[in-house]
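# Build me a structure from this.
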Amino acid sequence: MALTLCLSMCAAYGLQLGSDHGPLYRLYNDLLEHYKPYIRHRKNPNETVEVVFSYSMASVEALEETTQTVDSSGFLTLQWTDDLLTWNSNEYGGIDYINIPMEKLWFPDLSLTNGLDDLSLILPIGEKARVISNGSITWFRDLKKRTKCSLDMWHFPFDTQTCSINLIQWVTDIRQVNMSAGIVVIESSLFQRNGEWEITGKSKDTFLHTYSDHIIQTEIEFTFIFKRKYLYYIITNILPVMFLSVLNLGVFLLPPESGEKVSLCITIVLSYAVFLSVIGGSLPGVSDTVSIFSIYLLTMMFLKVATTLVTVLGLNLYHGFTEQKVSCATEQQEIHCLNTFREHDSPKKKIQVKLQKGNKQLANLLTKICFGVITTLTILVTCLCFILLVRQ
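Below is the predicted model:
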């Protein structure tokens, strides 16, 4: 009898010692002992859970023109209230908040609508949520995703692109969970600048999607405006093209006797073809708009082809009839022909001189006219192109 009483007292004392692990242990045990993470925790089942979404941009790794995608990193902040996670801090040693793994809590279902990953659901991966004594929950979610972005390349390389991150409810509707947009910021302390793009604006918006009378879901859109840093493209693309245009005008100043006019024209045409390939490689394969700069390159290439044709025509006029052919069948006739052409008053000599002088004058006149026309067109097309590029 005494032994049984002693064992009972020891067991009770040991149970008391085991259960007394401090207020923090008791708080976790009291909150999560009967908690069900798959149930929307509202004492009134008809009450809607209000969830506020905020987004902080941390970095932009890449904005790919060819694939029209954006690789970005940021932090998604979700805030809502859980009626079953409340306590009196005075009863638990003054503890005002605790951190609970997200796997043990209910959280709103969320999907990234413009993501390119296989799984676009926003699920917790080892994160913890901060729970305050009044039931307020804050979940900080790292969001590193590749998203689709429709690009407008009309003003390339002085273009400005608008890309967004779209979030929508996955299963629940607006009667169960009501999503609203909080703030959208660029985290200055963590933001890593991109060498090609800078963020010049940001905004937020909310849309409602009605699929049926019983399913109405909310979509939140965080929008960012990216402006391209164009100095690199001015140095590598624009200035070389302008220099080639000036060099092309030098074809008309090159003497016809040099024999290099056509070679220079063809070289410049091939250079423009190379630039067209380079610019085309950095533009989307399929786009609703065409770059003004590509149209400019194509127009200038057309002018260079026209310059080549005019140069060939001018050389043909210049060298086409510079020699007068005379038929001398025998050796005596050949000597007689040579003696005839040495005489200054020979009619054949006079005719030959007139033909040669007339063709040179026509070739020089054609060269001057084409030089003025090509120069004027080059200046007009260049000025119009850059006015359209800079003017947003």
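# In stretch 58-74, which residues are buried?
Buried residues in stretch 58-74, counted by 16 or more other Cβ atoms under 10 Å: 58-60, 63, 65, 68-70, 72-74. From N, CA and C alone the C-beta is placed, and that goes for glycine too.
# Correction: the previous question concerned stretch 129-136.
For stretch 129-136, a neighbour-count test (16+ other Cβ under 10 Å) marks 129, 131-133 as buried.
# Show me the helices in the stretch 251-392 of the chain, by range?
Assigned by DSSP state H, counting those that start in this stretch, the helices in the stretch 251-392 of the chain fall at 261-281, 292-319, 331-342, 347-390.
# Worst mean pLDDT among those?
Confidence, taken as mean pLDDT, is least for helix 331-342 of those (a mean of 51).
# so can I have TSV of the buried residues of stretch 58-74 showing pLDDT?
As requested, the buried residues of stretch 58-74 are exported to TSV (pLDDT from 0 to 100):
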residue	pLDDT
Ala58	89
Ser59	89
Val60	90
Leu63	89
Glu65	83
Gln68	87
Thr69	91
Val70	92
Ser72	91
Ser73	90
Gly74	91
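# can you tell me which of those residues are in strands?
Of those, the ones assigned to strands by DSSP state E are 58-60, 63, 69-70, 72-74.
# of those, closest to Ile199?
Nearest to Ile199, judged by Cβ to Cβ, of those is Val60 at 7.2 Å.
# What separation do you get for that closest one and Phe226?
7 Å (Cβ to Cβ, to the nearest Å).
# could the buried residues of stretch 58-74 go into CSV alongside distance to Leu239?
CSV is the format used below for the buried residues of stretch 58-74 (distance: Cβ to Cβ, whole Å):
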residue, distance to Leu239
Ala58, 35
Ser59, 31
Val60, 27
Leu63, 24
Glu65, 21
Gln68, 28
Thr69, 30
Val70, 29
Ser72, 32
Ser73, 34
Gly74, 36
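# And the residue nearest the centre of the chain?
Centroid-nearest residue in the chain: Leu63, 3.9 Å away (criterion: Cα atoms, centre = their mean).
# hmm, back to that, any common contacting residues for Val60 and Phe226?
Overlap of the contact sets of Val60 and Phe226 (by Cβ atoms under 8 Å, 6 or more residues apart in numbering) consists of 197, 199.
# ok so, going back, single out the most deeply packed of the helices of the stretch 251-392 of the chain.
Among the helices of the stretch 251-392 of the chain, ranked by average contacts under mean count of other Cβ atoms under 10 Å, first place goes to helix 292-319 (a mean of 18).
# between that one and helix 261-281, how big is the angle?
Taking axes from the mean of the first three to the mean of the last three Cα atoms, to 10 degrees, one finds that helix 292-319 is oriented at 170 degrees with respect to helix 261-281.
# which helices and strands sit right next to helix 292-319?
Where contact means 3 or more Cβ pairs under 8 Å, 6 or more residues apart in numbering; DSSP states H and E, helix 292-319 is packed against helix 239-249, helix 261-281, helix 347-390.
# Just the buried residues of the shortest one, please?
This points to helix 239-249. By neighbour count on 16+ other Cβ under 10 Å, the buried set for helix 239-249 is 241, 244-245, 248.
# Would you tell me which one of the residues you listed comes nearest to Asp83?
Taking Cβ to Cβ as the measure, Asp83 sits nearest to Val241 out of the buried residues of helix 239-249, at 66.4 Å.
# How about that closest one: what's its closest non-neighbour residue?
Distances taken as Cβ to Cβ, 6 or more residues apart in numbering place Phe275 nearest to Val241, at 6.0 Å, with adjacent residues excluded.
# who's in contact with the one you found?
Phe275 is in contact with 237, 240-241, 297, counting by Cβ under 8 Å, 6+ apart.
# Please identify which of these is nearest to Val312.
Leu297 (22.8 Å).
# With adjacent residues omitted, what lies nearest to the closest one?
Closest residue to Leu297 apart from its sequence neighbours, by Cβ to Cβ, 6+ apart: Leu276 at 5.2 Å.
# my guess is the one you found contacts Tyr296, does it?
No: using Cβ atoms under 8 Å as the test, Leu276 is too far from Tyr296 to be in contact (10.4 Å).
# that older thread, any figure for the gap between the residue nearest to Leu297 and Met301?
7 Å.
# ditto for Asn134
Distance of Asn134 to Met301, given as Cβ to Cβ: 69 Å.
# Just confirm Gly201 is within a strand.
Yes: per DSSP: H, G, I helix; E, B strand; the rest coil, Gly201 lies within a strand segment.
# Correct me if wrong: it contacts Ile225.
Yes: here Gly201 reaches Ile225: they are 3.7 Å apart, a contact under Cβ under 8 Å.
# remind me which residues of the chain are low pLDDT?
Within the chain, the set of residues satisfying pLDDT under 70 comprises 1-20, 118-119, 282-288, 320-358, 392.
# the domain parsing of it - what is it?
21-229, 234-390 (automatic domain parsing).
# Now do the contacts for Gly74.
Gly74 neighbours (Cβ under 8 Å, 6+ apart): 55-59, 143-144, 165, 187.
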